[in-house]
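**Q** have a look; sequence and predicted model below, questions after that.
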Amino acid sequence: APAGHDGRPLGDWHLALEFLPPHRSADKLKVRASVETATGVFINDTLPESSAAQLSAVAVPTTSWAVVSVPEVIRAPPPPAQT
């Protein structure tokens, strides 16, 4: 753990990692790298501007949250009926 100026370990800290893979063109095959395989997290080679344009184009329906209760939002769907 990181230590303070007095040499004693700090009680509150976090570790942050940032991987910056090279961007591949659309015609190149994407293969999993060692970081992706080890962590189970897949790195997206899409440019942020492209993703932002796609997200901006999505129509999001408006919901009146005044009529939706918290249990309705977090409740899991019922299991399928056994026959």
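**A** Yep, it's here.
**Q** rounded mean pLDDT for the lengthiest helix in the chain, please.
**A** Longest helix in the chain by number of residues (criterion: DSSP state H): helix 48-56. The predicted model gives helix 48-56 an average pLDDT of 89.
**Q** just the residues contacting that helix, thanks.
**A** Identification of contacts with helix 48-56 by C-beta atoms under 8 Å, 6 or more residues apart in numbering yields Asn44. Using the backbone N, CA and C atoms, a C-beta is placed for each residue, glycine as well.
**Q** what residues sit buried inside stretch 34-47?
**A** By neighbour count with 16 or more other C-beta atoms under 10 Å, stretch 34-47 contains no buried residues.
**Q** just the C-alphas of that stretch, formatted as CSV.
**A** Provided in CSV are the C-alpha atoms of stretch 34-47 (Å, rounded to 0.1, in the frame of the first residue of the first chain):
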residue,chain,number,x,y,z
SER,A,34,-3.0,-10.6,-23.1
VAL,A,35,-4.6,-7.9,-21.0
GLU,A,36,-8.0,-8.8,-22.4
THR,A,37,-7.5,-12.5,-21.8
ALA,A,38,-6.1,-12.0,-18.3
THR,A,39,-8.8,-9.6,-17.1
GLY,A,40,-11.8,-10.9,-19.1
VAL,A,41,-12.4,-7.3,-20.2
PHE,A,42,-12.5,-6.5,-23.9
ILE,A,43,-11.0,-3.3,-25.3
ASN,A,44,-13.1,-1.4,-27.8
ASP,A,45,-11.1,-0.1,-30.8
THR,A,46,-13.8,2.4,-31.6
LEU,A,47,-12.8,6.1,-31.6
